[in-house]
Structure formats: structure tokens, C-alpha cells
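[1] Prediction below, plus the sequence it came from.
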Protein chains: 2
Amino acid sequence: MARRSGRRPGNQDTRESILEAARNTFAEKGYDQASIRAIAGDAAVDPALVHHYFGTKEKLFLAVMNAPINPAELVPQALAGPREQAGERLVRVALGVWDSPAGTAALAVFRSALSNEWTARLLRDFVVTQVLRRAVSEMTLDPAEAEMRSALVATQIAGTIMARYVLKIEPLASADIDTLAAAIGPNVQRFLTDPMPEVFKS
Amino acid sequence: MARRSGRRPGNQDTRESILEAARNTFAEKGYDQASIRAIAGDAAVDPALVHHYFGTKEKLFLAVMNAPINPAELVPQALAGPREQAGERLVRVALGVWDSPAGTAALAVFRSALSNEWTARLLRDFVVTQVLRRAVSEMTLDPAEAEMRSALVATQIAGTIMARYVLKIEPLASADIDTLAAAIGPNVQRFLTDPMPEVFKS
DNA sequence: CCTGAAATTCAACGCCTGATGAACTCAACA
DNA sequence: TGTTGAGTTCATCAGGCGTTGAATTTCAGG
């Protein structure tokens, strides 16, 4: 018999409101600038409670990042369908993620990645092992070029995210997904499937 | 008679060594994470001396950013020559800047822009008013599309910088400029001159 | 030499940070 | 009903931050 007596977990709204406040604050300010006190204040909660639930700031960050994005589900969704439209679909899926509620968490890790070394590693490893590698294997690209091709795709996607969600450069920030997909998709497509200079064969 | 007696400015090595330490530290850690104490330590100097020379951290940052990058010189350099190769030249010039010593300062502002609101505004305003607007006027693009085209170019350039210098994704980080220019240039070119969906005409 | 201004140092201020541990509340079980 | 343990609060720690102002050193002018 595990739990014999005592108050039962009961109200776990608090835990989730901390999580939500953390997600928003991390997304707004990045890892370093988001203070536990600010998060706690946002959740109308004592700062010590944050530690009670999540231990350390790092663990809280990981808890925030844990659920929302599942590449195993998104990558096939982006790659299903004719190869000639894979680029556009990829842009559409990526922007869709960032525009969704889950995108808040993604934006948090993105923002944090530029000022903090370990979050940068986090993002790089995630992108490389979870997204790019998966996409490469599903698209059956020429292995000799696959790494470079997927890295190039990453530049276009990352740049779009950066310009639209972080720097908020107009008219990009206000454009709708269809417009952007039509404009950027073909470029991604070229990175994916068009012939590349011989330099890459090495 | 302005200065009548007293020690003359003399040794300004100190000022420059602070500036250099600041440039490196800002580039490594971004604006917020780079502490005045760390910069002073890097320059083997008392923290108070930094304030003596530059007043505040913000002014020090601006002093670091002040000199090194001159769009008035770079933009024409990127745009001179046949329009059909403008994309590739643009990539080449951009990467050239970041690979140069001056690029350290540029990387600093780039890094800072994601975690700090006012450096983000700084970068956005700089990019929009100093680089994009200038490029647009020199290339005589259709005004109806110019804003969107230059913003799209910005996404590809920013993404490349991010992947290569911040996230350091391989094989991008180790590739030489020629390779990248050949791979990415055509995409930039398409953003610049290829026909765009009608949606943009608005 | 001596004066005075610049260069440099030192100690301290007030504030914020992440984190800790003890105290208190209170619902549920024995 | 009394015990238990989770939920919650509070005071506090040690440390880093940007910044300040006064003291001290250094050195070129008059």
C-alpha cells in the first residue's frame, strides 16, 4: 500500500497555471530573462511553490518543453504527399506549429537558444536528431547530400521563424500562412530536390 | 583656453581593450548575459573604469556596435553587377561580414536580439532602414512587391547566420563561403527577381 | 616643483536572482 | 478524531548585477 494517509493531491490547477505562466514568460523573454519570481507572479503563486513542484528552473523549462511538440507526428504530416510540393507543405506545417498554442513553448526554446548555451544545444540536438534526421530518412534523399540539404532547409525555416516571430519584420509578421507558403515553399523545395553543385558530393 | 593643465588623455589602450573585451563578450553571451564585471575582467581592468569611459552598459553596447558595419558601403558592393547574380553576391557579402573581425560585433547584436527587447528593436530598425530599404532603392524593384521581397531575403540571410554562427549546425558551420553562396544564392535570387504569386501585389 | 586633471582603484549601495528550509493549513485516511 | 503528508507561505541565504562617489595614483602642463 503506497499512500496510506494524508492530504491527497487535490488541486493541481496550481501546477498547471505555473506551467502556463512559465510557457508564456519563457516565450516572451527567453530562458535567462524569465525569472522564477516573474513566473510565480504571473501565476499568482509563491515563488517557492515553483521549486516545490519542479525542483529547479532548468527542470521547469524542460517540463514546459516536454509535451507540446511531437516531431514523430509532424514530420510525416509534412512529408506525406507528392514530393514536388514537399517544400510548401513543410513551410505550412512549421508555421502552423508556431502559430498554434504549442508554438508558444517552441518560441520559448527558440528565443532562449540565442543567449544561452545549453538551450542552444538543446535546440540544435532536437532539430538535428528529431526533425532533420527523421525527414531525411523519410524522403530517401541521396545520403551524400542529405545532411547539407536538410541543413539548408533548416536555414530557411529558422530564418522565417526569426523574422516573423522574433524580429517581427513587416509585412512578414502579418502575412497569412498561405501567402508565406506560396512564397517560401518553392525555395525549400529547391533545397530538397533540385540538383546541387558538385561541391556537396564530398 | 580650454585645457590649462593636468594629465592629458595619454594612454587610451585601456579604452580600446575594454572595447575589444566588450565586443567579444557581447558576441559570446549576448547583451544581458555579458556582465560589465566579466568584460572588465576580460580586459584586466576595474569594472568602475568601464563606467568611467562609457557611462552605462547600454552606451558601451552602442559604442561596440557603432563602427564596424557600414551598410552604405556594403549594400552597393553586394548589388553591383548583373542582376542575375545579385542573390549569390548578397550571400557572399553577408557571410563575409560575419566571418570578418567586424562580424564579432554583428554576432553580438544578433545574439542579443532574441532575448532582449531593445536590442531586437535595434536590429530590426537597422535591418529595415539601413539595409533593406537601401537595397530596395538600388535595385529598383517594383514598389508594390519590394517590401515583401526584401523581407523574404532577410529570412534566408538571417536563417543562414543563425544556423551557421549561432546554432552551428553541421555541415553548414564548416562549409566555405563559395559552397554556401552557390547553394543559397539562387534562392535569394528567386526572392529578389522571380515572379511572385499575385497575393503580393496588394 | 607643484598644481590640477585624467586614469585608476576601492568599497559600498540597492536590487534582483535561484534556491532552501522551517512553519503553517488543511483535507483525507486509519 | 488524530495523524499524516501534500499544498502553501514566509523569511532568508549567498551571490551577481549595474552603478556610484570618494579616494588614490599618475603624469603633463605652468
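    Noted; the coordinates are in hand.
[2] Helix, strand or coil: sort out A:Lys168 for me.
    Here A:Lys168 is recorded as coil under DSSP: H, G, I helix; E, B strand; the rest coil.
[3] my read: it touches B:Arg124, true?
    Yes: if you go by C-beta atoms under 8 Å, A:Lys168 and B:Arg124 touch, sitting 7.1 Å apart. Quick note: C-beta positions are derived from backbone N, CA and C, even for glycine.
[4] who has more neighbours, the two?
    Higher neighbour count among A:Lys168 and B:Arg124: B:Arg124, with 18 against 14, using other C-beta atoms under 10 Å in any protein chain shown.
[5] Tell me who's in contact with the residue nearest to that one when sequence neighbours are not counted.
    Closest residue to B:Arg124 in three dimensions, ignoring its sequence neighbours and counting by C-beta to C-beta, 6 or more residues apart in numbering or on different chains: A:Leu167, at 4.8 Å. Contacts of A:Leu167 were listed using C-beta atoms under 8 Å, 6 or more residues apart in numbering or on different chains, and they are B:113, B:120, B:123-124, B:127, B:158.
[6] Poorly predicted segments of chain A, please.
    In the predicted model, chain A carries pLDDT under 70 at residues A:1-12, A:67-73, A:75, A:114-115, A:130, A:136, A:140-141, A:197-202.
[7] Outline the domain layout of it.
    A:13-66, A:71-201 (automatic domain parsing).
[8] could you dump those to JSON lines with distance to DNA strand D?
    JSON lines is the format used below for the domains of chain A (distance: least, C-beta to the nearest atom of the strand, whole Å):
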{"stretch": "domain A:13-66", "distance to DNA strand D": "3"}
{"stretch": "domain A:71-201", "distance to DNA strand D": "13"}
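[9] For chain B, what is the nearest residue in chain A?
    For chain A and chain B, the shortest gap (C-beta to the nearest C-beta) falls at A:Gly159, measuring 2.3 Å.
[10] For that residue, list the residues it contacts.
    Counted by C-beta under 8 Å, 6+ apart, A:Gly159 has contacts B:154-160, B:162.
[11] now the angle from the one helix or strand A:Asp32 maps to to helix B:13-33?
    Here A:Asp32, judged by DSSP states H and E, is contained in helix A:13-33. Interaxial angle, helix A:13-33 versus helix B:13-33 (axes from the mean of the first three to the mean of the last three C-alpha atoms, to 10 degrees): 160 degrees.
[12] Could you check the helix or strand just after helix A:13-33 against DNA strand C for contacts?
    Using DSSP H and E, the helix or strand that directly follows helix A:13-33 along the chain is helix A:36-42. Yes: applying C-beta under 7 Å from any atom of the strand, one finds helix A:36-42 touching DNA strand C at A:36-38.
[13] still on that earlier bit, out of the domains of chain A, flag the one nearest B:Thr104.
    domain A:71-201 (15.3 Å; C-beta to C-beta).
[14] Briefly note if the closest one comes near DNA strand C.
    No: Domain A:71-201 is not in contact with DNA strand C by C-beta under 7 Å from any atom of the strand; minimum separation 11.6 Å.
[15] Please enumerate the strands of chain A.
    Secondary structure of chain A (DSSP state E): no strands present.
[16] residue ranges for the helices of it, please.
    For chain A, applying DSSP state H gives helices covering A:13-33, A:36-42, A:47-54, A:57-66, A:71-79, A:86-99, A:102-112, A:117-125, A:133-139, A:143-161, A:177-193.
[17] The last one packs against which elements?
    If I follow you right, that is helix A:177-193. helix A:86-99, helix A:143-161, helix B:143-161, helix B:177-193 (3 or more C-beta pairs under 8 Å, 6 or more residues apart in numbering or on different chains; DSSP states H and E).
[18] re earlier: is the helix holding A:Asp32 up against DNA strand C anywhere?
    No: Helix A:13-33 stays clear of DNA strand C (C-beta under 7 Å from any atom of the strand), getting no nearer than 7.6 Å.
[19] Please spell out which residues along that helix are buried.
    Using 16 or more other C-beta atoms under 10 Å in any protein chain shown as the test for burial, helix A:13-33 gives A:14-15, A:18-33.
[20] which residue is nearest the middle of chain A?
    A:Ala106 (3.4 Å; C-alpha atoms, centre = their mean).
[21] Isn't it up against A:Leu95?
    No: the pair A:Ala106 / A:Leu95 is not scored as a contact, 11.2 Å apart, by C-beta under 8 Å.
[22] what's the overlap in contacts for these two?
    With contacts taken as C-beta under 8 Å, 6+ apart, A:Ala106 and A:Leu95 have no neighbour in common.
[23] how close does A:Ala183 sit to B:Glu145?
    As judged by C-beta to C-beta, to the nearest Å, A:Ala183 and B:Glu145 stand 10 Å apart.
[24] cool, A:Asp142 as well?
    Distance, A:Asp142 to B:Glu145, by C-beta to C-beta: 35 Å.
[25] Check A:Ala175 too.
    Counting by C-beta to C-beta, the gap from A:Ala175 to B:Glu145 is 13 Å.
[26] More neighbours: those two, which one.
    A:Ala175 (19 against 16).
[27] Could you dump the residues of helix A:36-42 next to DNA strand C into TSV with neighbour count and distance to A:Ser150 added?
    What follows is these, written out as TSV (neighbours: other C-beta atoms under 10 Å in any protein chain shown; distance: C-beta to C-beta, whole Å):
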residue	neighbour count	distance to A:Ser150
A:Ile36	19	36
A:Arg37	11	40
A:Ala38	16	37
